[in-house]
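Student: Dropping a prediction and its sequence here:
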Amino acid sequence: MPFGLSGSWSSTQAMRPCRAHRLFVAAAASSALVLSTAQASAADAVVNSALASDDQCASGDEACALNALQMRGARKAQESQRREHERAMASEARVASRVAADTTANATGGADGYEACALMGCDSNFQGHRSCQCNAACLEYGNCCHDHSWICRSHYTMQAATQGDSAQSMCSGNTQDFKLNMKAEGADFFSHFTFVDVDDVHGAHQFTSESEARLQKVISAGADGVQLKFGGIRAPSFDGEAKKRYAVNIHTSKAFDPSNGFLAVLHYKKVPHGCGVWPGFWAMNSDRLWPAGGELDIMEFANYSPNKVTFHISGNCHLDTDKVAKCAPLGQAGVSSTDCETNYFVNKLGCMPKQRQPDGEFFSNNPGVIASEWTSEHIIVYHIPEAQIPADLTSEKPDTTGWKNWILAYLPLKPDCKSAVGPQELVLNMQLCGDWAGATFGTHQCGGVGWNYLHGCNRGLSQPSDCCTKYVTDESQDSYLRGQSWDIKSLKVFTRGGIGSSDSGTFRR
């Protein structure tokens with residue numbers, strides 16, 4: 001049964017299983033200081049004492065989630081921090097050894113020694129005298145110049161187009177006889193969605209019902225497109241609560257069966273991105289306790305982190321390692337993980353093959369299509385720039401066999417995955433701070449947000465003392481945050497033969 005006349009899921013109703021991995025990812029990315037060996041040992045003792053309970057918490061059991069999972073996340077954070085510290089020290093040593101060479105090289109790198117791929121080009125080999133690189137390998141080694149993701153990605157795409165069919169034949173999608181099953185666009189866009197007001201990532205956003213979203217002017221829909229926006233500030237509703245900004249979290253009222261095959265196509269003009277911002281376009285099964293049934297992160301990033309296409313599921317499910325190695329897109333980054341089972345108590349984190357990883361700024365500056373093809377054999381995520389959208393997609397007769405040049409991530413599924421995956425509903429949301437964006441706030445490009453937001457505050461869950469929350473709920477940030485939005489032309493879902501969909505678990509509740 002749908003959630004009332006407004007198509008909303010109230011927090012007073014049954015809460016869906018907590019997406020516990022969000023807490024884990026956030027804790028593992030925490031920017032706390034590196035602990036000494038003695039401190040780490042003492043902290044580990046505390047962490048281990050909190051692992052008796054299961055982290056798969058249902059019915060809104062926040063205490064369970066915080067006690068079991070965040071404490072475990074703290075231990076993983078310690079390990080991550082030590083490794084990051086070692087990498088940083090090694091990197092500083094390499095940079096120091098090149099200072100003299102840089103003095104000469106910078107004379108050709110631009111004014112004041114500025115180095116960028118726009119100046120250096122994208123087809124260069126490793127240049128040891130440079131402080132950053134512009135080749136494909138820099139993604140793996142983490143030493144790309146700041147503009148690499150948007151200057152060089154199109155270069156790699158053109159390179160991919162020149163590869164022989166024999167090398168790429170098994171890495172492509174297939175037509176699956178895809179026919180249009182759902183089309184959300186224009187004035188009736190939101191009629192295809194259920195609004196969920198439950199926040200399970202402890203953020204600085206206030207998810208709303210559809211009626212409240214319209215009242216707060218955080219959604220709009222018409223012939224010129226659809227917008228999901230951040231709104232104004234909501235005052236704390238109880239002592240100790242932080243301020244919140246209005247936002248939305250919408251789930252398709254239909255779910256689509258991967259065993260039948262489906263292609264989800266989001267045609268967008270703009271995506272939200274920036275400091276404190278955490279948007280997502282993803283798929284999930286809400287009929288079972290997470291991660292049973294599966295979850296696919298299609299487009300998701302926090303602050304200025306790169307996009308990470310990741311698949312989570314319970315039980316035995318693996319990627320085909322041979323195909324993963326042969327089909328990694330040019331310009332790929334990241335360490336390949338092929339075990340999709342997700343169980344943090346035994347350090348199973350889901351699968352993420354090597355892939356292209358643009359950031360939110362790139363996606364927003366290069367509008368077009370983000371699409372995910374999911375069959376019993378594979379998951380493929382594509383990004384197609386607006387000017388390159390093929391005629392077969394425009395005519396709503398998609399033939400993904402010709403889309404290989406636009407692949408961001410290729411996940412070839414082994415047969416053991418088939419029985420574990422359930423019907424998938426699609427989710428669009430925009431979050432602020434919380435478990436991931438809050439924990440990594442103030443680093444890299446967000447290190448210049450201002451003294452008041454980096455000192456005398458904490459990082460992590462949204463609360464009055466949280467650095468990220470203070471930043472995004474400051475009225476001085478109104479213009480910036482209200483300017484961050486999903487600006488969407490349409491969301492279309494194609495299924496094999498036009499069948500293979502049902503009411504989503506979220507809608508039925």
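Tutor: Right, received. Where do you want to start?
Student: C-alpha only now, for contacts and for neighbours.
Tutor: Will do.
Student: What residues does the residue lying closest to residue 321 once chain neighbours are set aside make contact with?
Tutor: Using C-alpha to C-alpha, 6 or more residues apart in numbering and skipping residues adjacent in sequence, the residue nearest residue 321 is residue 338, 6.7 Å away. By C-alpha atoms under 8 Å, 6 or more residues apart in numbering, the contact list for residue 338 reads 318, 319, 320, 321, 350, 351, 352, 353.
Student: Ok, residue 271 next?
Tutor: Here residue 271 is in contact with 360, 363, 364, 484, 485, 486, 487 (criterion: C-alpha under 8 Å, 6+ apart).
Student: before we move on, what about residue 477?
Tutor: Contacts for residue 477 (C-alpha under 8 Å, 6+ apart) come out as residue 471.
Student: quick one: secondary structure of it?
Tutor: In terms of secondary structure, residue 477 is helix; the call rests on DSSP: H, G, I helix; E, B strand; the rest coil.
Student: Ok, residue 323 next?
Tutor: Taking three-state DSSP as the rule, one finds residue 323 in the helix state.
Student: what number of residues lie near it?
Tutor: Neighbour count for residue 323, taken as other C-alpha atoms under 10 Å: 15.
Student: What residue, apart from its backbone neighbours, is nearest it spatially?
Tutor: For residue 323, ignoring the flanking residues on the chain, the nearest one in space by C-alpha to C-alpha, 6+ apart is residue 412 at 6.6 Å.
Student: Which other helices and strands does the one helix or strand the one you found maps to contact?
Tutor: Element membership for residue 412, per DSSP states H and E: strand 407-412. The helices and strands touching strand 407-412, judged by 3 or more C-alpha pairs under 8 Å, 6 or more residues apart in numbering; DSSP states H and E, are helix 321-327, strand 378-385.
Student: at 6 Å instead, please
Tutor: Packing partners of strand 407-412 (3 or more C-alpha pairs under 6 Å, 6 or more residues apart in numbering; DSSP states H and E): strand 378-385.
Student: And the average pLDDT for the strand it packs on is what?
Tutor: What strand 378-385 shows for mean pLDDT is 97.
Student: what lines up beside it in the sheet?
Tutor: Strand 378-385 pairs in its sheet with strand 368-374 (antiparallel), strand 407-412 (antiparallel), by DSSP bridges.
Student: any idea of the mean pLDDT in the first one?
Tutor: Here strand 368-374 scores 98 as its mean pLDDT.
Student: Compare the contacts of residue 271 and tell me which has the most neighbours.
Tutor: Looking at the contacts of residue 271 with neighbours defined as other C-alpha under 10 Å, the largest count falls to residue 360 at 26 neighbours.
Student: Tell me which helix or strand residue 486 sits in.
Tutor: When secondary structure is defined using DSSP H and E, the element that contains residue 486 is strand 485-496.
Student: can you pull the buried residues of the helix or strand that comes right after that strand?
Tutor: On the C-terminal side of strand 485-496, the closest following helix or strand by DSSP H and E is strand 501-503. By neighbour count, and taking 16 or more other C-alpha atoms under 10 Å as the criterion, the buried residues in strand 501-503 are 501, 503.
Student: In CSV, could you pull the C-alpha coordinates for the helix or strand that comes right after strand 501-503?
Tutor: Once the chain leaves strand 501-503, the next helix or strand it forms, by DSSP H and E, is helix 505-508. Taking only C-alpha atoms (Å, rounded to 0.1, in the frame of the first residue of the first chain), the coordinates of helix 505-508 have been written out as CSV:
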residue,chain,number,x,y,z
GLY,A,505,8.8,-2.5,-1.5
THR,A,506,9.0,1.2,-0.5
PHE,A,507,5.7,1.9,-2.4
ARG,A,508,3.9,-1.1,-0.9
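Student: quick one: average confidence on helix 505-508?
Tutor: Averaging the model's pLDDT scores along helix 505-508 yields 91.
Student: and that helix, which residues are buried?
Tutor: Taking 16+ other C-alpha under 10 Å as the neighbour-count basis, helix 505-508 is seen to contain the buried residues 505, 506, 507.
Student: now those residues as CSV including distance to residue 238?
Tutor: Listed next are the buried residues of helix 505-508 as CSV, based on distance: C-alpha to C-alpha, whole Å:
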residue, distance to residue 238
505, 31
506, 28
507, 30
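Student: Might you list the low-confidence residue ranges for the protein?
Tutor: Counting by pLDDT under 70, the ranges of the chain that qualify are 1-116, 118, 123-124, 139-142, 146-169, 333-335.
Student: let's see it at 50
Tutor: Counting by pLDDT under 50, the ranges of the chain that qualify are 1-40, 42-114, 156-167.
Student: Who's the closest spatial neighbour of the residue positioned nearest the centre of it, skipping the chain neighbours?
Tutor: Against the mean C-alpha coordinate of the chain, by C-alpha atoms, centre = their mean, the closest residue is residue 300 at 1.6 Å. If the residues on either side of it in the chain are set aside, residue 300 comes closest to residue 280, at 4.5 Å by C-alpha to C-alpha, 6+ apart.
Student: What separation is there between residue 192 and residue 332?
Tutor: Summarising the geometry, the distance separating residue 192 from residue 332, computed by C-alpha to C-alpha, to the nearest Å, is 35 Å.
Student: Pick out whichever of the two has more residues nearby.
Tutor: The residue with the greater number of neighbours, taking residue 192 and residue 332 and applying other C-alpha under 10 Å, is residue 332; the counts read 22 against 17.
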